[in-house]
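In: Dropping the sequence and predicted coords here.
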Amino acid sequence: MSADDVRKVFDLFDINKDGVLSSNELKGLMITFGYHLSDQELNAIVADLDTNHNGVIDFEEFGRLFITHPPKPRGEPTVEDYMVVFSLFDRDSNGVITAAELKASLESMGTSLTDEEVQQAIQEADTNGDGVINYAEFARMMTNH
């Protein structure tokens, strides 16, 4: 895997685009890599990778993940992989991500956005104009990044 490929993977799972991976973002990536980890196992990986002890994984720390936990051979991310990541944002499990859910999810990942920024993110992904992000819109957004 080239350095560009590693950067693309990092950027894809840096959902809130803050330049670091939170535990929740890393969890989505690990599931995509084929690892179904307990919270304790995930916390151990974060602790191992997080050399500056700031609680998140920056790009420099991220590179070690490919050595310690390489992707399991499976090919491209599956529908199930995207569904797991989608479920991290769909907090009430009703099949759509609302502005409130997006904001709450990002805040739980350590990122605070204004209401206007959240609305802009929803509008960018919301292709059918219903004011929420459904799974198809989410998957399209993920594959276009």
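Out: That came in fine, so what should we check first?
In: any idea how the protein splits into domains?
Out: For the chain, the structural domains run 3-68, 79-144, going by automatic domain parsing.
In: Reformat those domains as JSON lines; add mean pLDDT and mean neighbour count.
Out: (Glycine included, C-beta is placed from N, CA and C.) Putting the domains of the chain into JSON lines (pLDDT from 0 to 100; neighbours: other CB atoms under 10 Å) gives the following:
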{"stretch": "domain 3-68", "mean pLDDT": "87", "mean neighbour count": "16"}
{"stretch": "domain 79-144", "mean pLDDT": "86", "mean neighbour count": "16"}
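In: so where do the strands sit in this structure?
Out: Taking DSSP state E to define them, one finds strands in the chain at 20-21, 57-58, 96-97, 133-134.
In: Rebuild these as a markdown table, extending it with distance to Thr127.
Out: As requested, the strands of the chain are exported to a markdown table (distance: least, CB to CB, whole Å):
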| stretch | distance to Thr127 |
| --- | --- |
| strand 20-21 | 27 |
| strand 57-58 | 31 |
| strand 96-97 | 13 |
| strand 133-134 | 9 |
